[in-house]
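> fold the following, please.
(chains A and B)
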Amino acid sequence: MSNFVQLWVYLSGQPLLWLTATLVAYVAADAIAGASKRHPLVNPVLIAVILVSSVLLLTGTEYPTYFAGAQFVHFLLGPATVALAVPLVRHLPQVRRTLVPMLVALVVGSLAAIVSAVLLAQAFGLDRASTLALAPKSSTAAIAMGIAEQTGADPALTAVLVILTGISGAIIVTPLMNALRLKNYAARGFAAGLASHGIGTARAFQVSPLAGTFAGIALGLNGLLTALLVPLVIKWLLG
Amino acid sequence: MVRAAGLPVPGPVAGMALLFLLMVARAPLPKALGDTADGMLKHLSLLFVPAGVGVVQNLNTLGDEGLRLVLVVVLATVIALAATALTFEYLARFMHVDENAADHDGRGTP
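Numbers count the residues shown, from 1 in each chain, chains lettered A, B, ... in the order given. Down below sits the predicted model:
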């Protein structure tokens, strides 16, 4: 037992412990998701987050300590975004053919995401600070936090709402598309990436490479468009 | 580069565009690059775990409006998903370009 305690003391001083914990939690979550045949409700991000958070809570570990190890995983988001260009090139003919529907859906979807968030926030009687933080929620975290800075929203709250949007979208997309009887995987993937950025894109790649490709395009383009539209929509709806 | 040009996109998104242009300019795709990208994208979910854990730690920032905020997030996400996919699907059908609907490889839930 004292050996174990010594091992724990040694390991907990090392960032590798939390890197390993993140990987182990993901492998477990991915196995659970795989066992459910990738059921939409069994979202690997959500399961891994719950597992890691429980361990942090039980061991009384602070987030900065955890992040010192987990940052190596977090850092890979940059290269992974760059890697999205690979499926894009592979599916270039399909992307070319659907260019017009894609671009119109981009504008409609981006506006729908921002306007619905602002109007629903008002309908639910949320204050101005929360409404501002909700407006950029469908764009990727880095862009949303940039927008938040510009509109005077709280960047921390914005980041929380962005991640919640991602997990909601990744869970909702498959049952919603089935209910709408949409079988076009380009359209389904594009919607997942537009409404719920990288986490939606991760879900789309689990369903099909084509859906993932279109999700990646939507993630990039909607990030850009949301940055342009949020200040305009806020001026228009909130004055 | 992004900073120099003052673009409103994060570096990685600009990187994706650059890699895309580079590959369009010199096809075919190097196999090692393709394999690396596939490996990364297959485990894209893993990369969001640290940020997700950060959210759990920061759930108190939602404050007493928490439940309503979550409701707005879920409802607005349903609206955004439906608006995007329906627009895409109907325009594609109208323009007769939805033959790629049959192009998915059928993995995962249909």
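> distance of residue A:174 from residue B:53?
25 Å (CB to CB, to the nearest Å). (C-beta placed from N, C-alpha, C; glycine too.)
> give me the more crowded residue out of those two.
Between residue A:174 and residue B:53, counted using other CB atoms under 10 Å in any protein chain shown, residue B:53 has the larger neighbour count: 28 against 22.
> do I have it right that the more buried one meets residue A:63?
Yes: when contacts are counted by CB atoms under 8 Å, residue B:53 is listed as touching residue A:63 (7.2 Å).
> which residues do these two both contact?
residue A:56 (CB atoms under 8 Å, 6 or more residues apart in numbering or on different chains).
> the residue in chain A that chain B sits nearest to: which element?
Among residues of chain A, the one nearest chain B by CB to the nearest CB turns out to be residue A:109. It sits 3.1 Å away. Per DSSP states H and E: residue A:109 is located in helix A:99-123.
> which ones are touching the residue of chain A closest to chain B?
Counting by CB under 8 Å, 6+ apart, residue A:109 touches A:190, A:191, A:194, A:195, A:218, A:222, B:80, B:83, B:84, B:87.
> could you redo the last one with a cut-off of 6 Å?
By CB atoms under 6 Å, 6 or more residues apart in numbering or on different chains, the residues touching residue A:109 are A:194, B:80, B:83, B:84.
> narrow those to those in helices?
Per DSSP state H, helices hold the following members of the contacts of residue A:109: A:194, B:80, B:83, B:84.
> which one (most neighbours) among those residues?
Using other CB under 10 Å as the neighbour test, the ones in helices among the contacts of residue A:109 are led by residue A:194, with 37 neighbours.
> buried residues, the longest helix along chain A. List them.
What stands out as the longest helix in chain A, according to DSSP H, is helix A:209-238. By neighbour count on 16 or more other CB atoms under 10 Å in any protein chain shown, the buried set for helix A:209-238 is A:209-227, A:229-230, A:233-234.
> among these, which ones lie close to chain B?
Restricting those to those touching chain B (CB under 6 Å from any CB of the partner chain) yields A:210, A:220, A:223, A:224, A:227.
> just the pLDDT for the fourth one.
Per-residue confidence at residue A:224 stands at 84 (pLDDT).
> how is the chain divided into domains?
All of this refers to chain A. For chain A, the structural domains run A:2-75, A:82-238, going by automatic domain parsing.
> you looked at the wrong chain, it should be chain B
Structurally, chain B divides into domains by automatic domain parsing as follows: B:1-47, B:49-110.
> weakest of those by average pLDDT?
Note on the domains of chain B: lowest mean pLDDT is at domain B:1-47, with a mean of 70.
> downstream of whichever strand or helix holds residue B:34, the next helix or strand is which one?
Using DSSP H and E, residue B:34 sits within helix B:31-42. Per DSSP H and E, helix B:31-42 leads on to helix B:44-47 as the next helix or strand towards the C-terminus.
> helices or strands up against the next helix or strand after that following helix?
Going down the chain from helix B:44-47, the next helix or strand is helix B:49-57, by DSSP H and E. Packing partners of helix B:49-57 (3 or more CB pairs under 6 Å, 6 or more residues apart in numbering or on different chains; DSSP states H and E): helix A:44-59, helix A:63-75, helix A:155-179.
> dump helix B:49-57 to PDB, restricted to CA.
Only the C-alpha atoms of helix B:49-57 are listed here, as PDB (Å, rounded to 0.1, in the frame of the first residue of the first chain):
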ATOM      1  CA  VAL B  49     -12.000  15.700 -23.900                       C
ATOM      2  CA  PRO B  50      -9.700  18.300 -22.200                       C
ATOM      3  CA  ALA B  51     -12.000  21.200 -23.200                       C
ATOM      4  CA  GLY B  52     -15.000  19.200 -22.100                       C
ATOM      5  CA  VAL B  53     -13.500  18.600 -18.700                       C
ATOM      6  CA  GLY B  54     -12.900  22.300 -18.500                       C
ATOM      7  CA  VAL B  55     -16.600  22.900 -19.100                       C
ATOM      8  CA  VAL B  56     -17.600  20.600 -16.300                       C
ATOM      9  CA  GLN B  57     -15.200  22.500 -14.000                       C
END
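> deepest of the helices and strands packed on helix B:49-57, which one?
Among the helices and strands packed on helix B:49-57, ranked by average contacts under mean count of other CB atoms under 10 Å in any protein chain shown, first place goes to helix A:155-179 (a mean of 23).
> does chain B sit close to that helix?
Yes: part of helix A:155-179 sits near chain B under the criterion CB under 6 Å from any CB, namely A:156, A:157, A:160, A:163, A:164, A:165, A:168, A:169, A:173, A:174, A:176.
> hang on, isn't the fifth one packed against residue B:72?
No: under the criterion of CB atoms under 6 Å, residue A:164 lies out of contact with residue B:72, with a separation of 10.0 Å.
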